[in-house]
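1. sequence and predicted structure below; questions after.
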Amino acid sequence: MKKRSKRYREDREKIESLGKLDITQAVRVLKQCNGAKFDETVELTVKLGIDPRKSDQIVRGSFNLPHGIGKERTVVVFAEGDKAEEAKSAGAAEVGGEDLAARIQKGWTDFDVAIATPSMMRYVGKLGKILGPAGKMPAPKSGTVTEKVKQAVTEFRAGKVEYRNDKGGNLHIPVGKRSFEDNALIENIEALLDHIKGSRPATSKGAFLQRVSICSTMSPSVELETK
């Protein structure tokens, strides 16, 4: 078991004594926790009422947070011809086809998001074992397999977030930085939760948002009231 610092344990005891909080209260409590020497990322975690073993209950997509996530993301694009030029003009860090796929197969994954045009999936499809576990595999549902290359690069560089449930049926999604104004974090969280509610699979039974919490990189989790 990982040994926690005294400050972490103090924060955890304080948070646990408060129980579930609304979003505004939760953000304020999180900001009162002992901070790190860097600008911590704030993450939303959602336990979903799904059976992650069933393909028709996978929850996956992407969303433009109203206030972004506080950093510019590195985007690579699988494209050729005019689409490749669009990607370069939009600020893609790397653009290519078979050559880019070969580089990734050799172990290079120093980027945040991979985007591909449909015609390039003949190269990208071979990268599933590398990009899949890293959460970087392009897919139509997340908006990363598209003909609208320029728009996709612009949005993902600015902080559009992708999400997909893990094997336990949980989502882990960044919603900003600890340095954000309270209202910016609150609006990002509210907008994202509304979006997630709309992604409920038709076959999901019972409560969809079973447990929701936020934390920063070095803090304990603060549980949110889900009603």
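-> Yep, that arrived. Since the model is a prediction, treat every value here as computed from it, not as a measurement.

2. what about Lys47, helix or strand, and which?
-> In the assignment (DSSP states H and E), Lys47 maps to strand 41-48.

3. other SSEs contacting that strand?
-> When contacts are defined as 3 or more CB pairs under 8 Å, 6 or more residues apart in numbering; DSSP states H and E, strand 41-48 sits against strand 170-177, helix 182-197, strand 209-216. (Glycine included, C-beta is placed from N, CA and C.)

4. contacting residues around Leu127?
-> Leu127 is in contact with 101, 104-105, 137, counting by CB atoms under 8 Å, 6 or more residues apart in numbering.

5. repeat that for Glu187.
-> Residues near Glu187 by CB under 8 Å, 6+ apart: 66-67.

6. mind starting the numbering at 16 from now?
-> Sure thing, new numbering starts at 16, so read that last one as Glu202.

7. distance check, the closest residue to Leu186 other than its chain neighbours against Arg27.
-> Closest residue in space to Leu186, ignoring its immediate chain neighbours: Val61 at 4.4 Å, by CB to CB, 6 or more residues apart in numbering. From Val61 over to Arg27 the distance is 20 Å, taken as CB to CB, to the nearest Å.

8. go on, Asp66?
-> In terms of CB to CB, Asp66 sits 31 Å off from Arg27.

9. got it, and Thr132?
-> Distance, Thr132 to Arg27, by CB to CB: 47 Å.

10. which one of those two has more residues nearby?
-> Just comparing Thr132 and Arg27: by other CB atoms under 10 Å the higher neighbour count belongs to Thr132, 24 against 15.

11. hmm, the more buried one is touching Phe93, no?
-> Yes. Applying CB atoms under 8 Å, one finds Thr132 in contact with Phe93, separated by 6.8 Å.

12. what ranges do the helices span in this structure?
-> Secondary structure of the chain, counting by DSSP state H: helices at 21-33, 38-47, 96-104, 113-120, 136-139, 143-146, 164-173, 197-212.

13. now, of those, which is deepest in the fold?
-> For the helices of the chain, average neighbour numbers computed from mean count of other CB atoms under 10 Å are highest in helix 164-173, which has a mean of 21.
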